[in-house]
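Student: model this:
(3 chains)
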Amino acid sequence: MAELPDLTVFAHILSRKFKGQVLEKLEVTVAKKLNVTVPELAAALEGRELEGIKREGKTLQFHFSGGQLLGLHLMLRGELVELKNDETPRFQIIAFHFKNGTGFAVVDMQKQATPTLNPKPVDAPDALALEEAYFTGLLAKKRTVVKSLLMDQHLIRGIGNSYADEILYHAGVSPFSVANAIPPKAAAKILNSIGVILHKAIREIDEANGDELTGELKDFMEIHSSILKKTAKGESIKSDKIGGRTTYYIDTQELFH
DNA sequence: GTAATTGTTCTAGC
DNA sequence: CGCTAGAACAATTA
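Tutor: The predicted structure follows:
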């Protein structure tokens, strides 16, 4: 599934392929998640130039001329497909057809992917734009387990279940640690790991994907995997549930509580 | 046939 | 009332 690093790479690929193209037709196959009607969406975007694609949190933001913005959340199973020939991909949600004959579609077998016209700006900072003062302040006032905090999109945008595990493993902090019990030194370590892990993943996915919008993303996980029994260093991986989500960790990650 | 998947939203409880 | 933890939901595959 697509998480922050995948979305960052997708935004770059989409920009290379479609930036500057004029949207001829917006095809909506599944409308139930839209925040506006299909005619409203078409009226807002058709005939506009796609000026740029950015990632924000776990969403892609398609900036069109005239100040129109389409947010897209792929949720659990959403994927992007470059359109070839005139075939409609299986599980299509929406498709963008450009004047020059190219295009791409959003597909989702669970129909959960959510396009939003002109989404409200959100306050919570992106995981790659975190300031140390904000992050340490956040940790200090929350009593929740640190993994849940990292994943709370109202506090920090962009970190999901798998990268939360990777980040905490890298930082050497137990995912069960209580946020406000984490000392400043460990907090700084976690913040550093957020940047290191996410940037590393972006780099690796970028290299692996090239110009492929989809294609299977290689698994770069060091610890968050149902197959792995041991880390590369030979530490045995344990699994447990946090907030109903499978969490992978090793015994030596320091627990603060 | 059933479990697993996982981000978000809703709700119950302290 | 504020905060937190956990359940429910979505739809399909293995």
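
Student: show me where the stretch 151-257 of chain A has helices.
Tutor: With DSSP state H, counting those that start in this stretch as the criterion, the stretch 151-257 of chain A has helices at A:161-171, A:184-209.

Student: now these in CSV, with mean pLDDT?
Tutor: Listed next are those as CSV, based on pLDDT from 0 to 100:
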stretch, mean pLDDT
helix A:161-171, 93
helix A:184-209, 93
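
Student: so which helix or strand takes in A:Leu138?
Tutor: helix A:132-141 (DSSP states H and E).

Student: helices or strands next to that helix in the packing?
Tutor: helix A:146-151, helix A:184-209 (3 or more Cβ pairs under 8 Å, 6 or more residues apart in numbering; DSSP states H and E). Every residue, glycine included, has its C-beta placed from N, CA and C.

Student: and if we set it to 6 Å?
Tutor: Judged by 3 or more Cβ pairs under 6 Å, 6 or more residues apart in numbering; DSSP states H and E, helix A:132-141 is in contact with helix A:184-209.

Student: so which elements touch the helix it packs on?
Tutor: Under the contact definition 3+ Cβ pairs under 6 Å, 6+ apart, helix A:184-209 sits against helix A:4-18, helix A:132-141, helix A:161-171.

Student: how far does that helix sit from its chain's centre?
Tutor: Remark: helix A:184-209 is offset 14 Å from the chain centroid, using Cα atoms, centre = their mean, to the nearest Å.

Student: so which bits of it are buried?
Tutor: By 16 or more other Cβ atoms under 10 Å, the buried positions in helix A:184-209 come out as A:186-187, A:189-191, A:193-194, A:197-198, A:201-202, A:205, A:209.

Student: which of those sits closest to DNA strand C?
Tutor: A:Ala187 (15.5 Å; Cβ to the nearest atom of the strand).

Student: looks like the closest one contacts A:Gly137 (just checking).
Tutor: No - A:Ala187 lies out of contact with A:Gly137 (Cβ atoms under 6 Å); the separation is 9.8 Å.

Student: good, wrapping up.
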